[in-house]
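Okay, sequence plus prediction incoming.
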Amino acid sequence: MSEHYFTPELLARFSAEKMKKINLHSSAHLFCDLYCLQPGQAQKDHAHDDSDKVYCVLNGRPTIRIGDEYRELGADDVAIAPAGVIHGVRNETEENAVLLVIMAPPPSGH
């Protein structure tokens with residue numbers, strides 16, 4: 001597989017300790033990760049002052065927080081967290097969840 005093409009099903013990895021992030025791409029312009037959450041796992045709510053974040057659900061039914069709104073999403077659903085808006089994801093179901101997460105520009109230090 002080249003560095004330009006990915007198969008998320010083959011790359012997804014899970015950790016019993018916490019949500020697993022798998023970096024697919026990182027540059028000065030953009031970053032792209034897979035987030036892999038087992039039941040009960042979550043990403044801490046946070047905000048990025050200068051970056052927008054896109055959550056694309058590949059499988060599972062995670063709950064996404066954008067601002068004060070929480071919504072359970074399914075495969076092929078997308079949520080967008082604009083810069084400066086608090087956001088996060090959690091898996092409150094009994095199945096694993098995998099999301100493609102894209103952020104531009106990347107936050108400093110990523």
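Nice, I can see it. Quantities reported herein were computed from a predicted structural model and do not represent experimental measurements. Numbers count the residues shown, from 1 in each chain.

So which bits of stretch 32-45 are buried?
Within stretch 32-45, the residues that count as buried by 16 or more other Cβ atoms under 10 Å are C32, D33, L34, Y35, C36, L37, Q38, Q41, A42, Q43. For glycine as for every other residue, the C-beta is placed from the backbone atoms N, C-alpha and C.

mind listing which of these are in strands?
C32, D33, L34, Y35, C36, L37 (DSSP state E).

quick check, nearest of those to A12?
C36 (5.1 Å; Cβ to Cβ).

Apart from its chain neighbours, what residue comes closest to that closest one?
Counting by Cβ to Cβ, 6 or more residues apart in numbering, C36 lies nearest to K20, which is 4.3 Å off, once chain neighbours are set aside.

distance of the one you found from T7?
Between K20 and T7 the distance is 17 Å, computed by Cβ to Cβ, to the nearest Å.

Check A28 too.
Distance, A28 to T7, by Cβ to Cβ: 26 Å.

R90 too?
26 Å.

From the neighbour counts alone, determine which of the two ranks first.
R90 (20 against 8; other Cβ atoms under 10 Å).

dump the residue contacts of the closest residue in space to the more buried one that isn't next to it in sequence.
Nearest residue to R90, sequence neighbours excluded (Cβ to Cβ, 6+ apart): A42, at 3.5 Å. If you count contacts by Cβ atoms under 8 Å, 6 or more residues apart in numbering, A42 has them with M19, G88, V89, R90, N91.

Determine which two of those are furthest apart.
Largest pairwise distance in the contacts of A42, by Cβ to Cβ, is 11.4 Å, between G88 and N91.

State the distance from F14 to R71.
In this view, F14 and R71 are 23 Å apart by Cβ to Cβ.

Counting neighbours, go ahead and name the busier of these two.
F14 (14 against 11).

Quick check: that one touching C36?
Yes. When contacts are counted by Cβ atoms under 8 Å, F14 is listed as touching C36 (5.0 Å).
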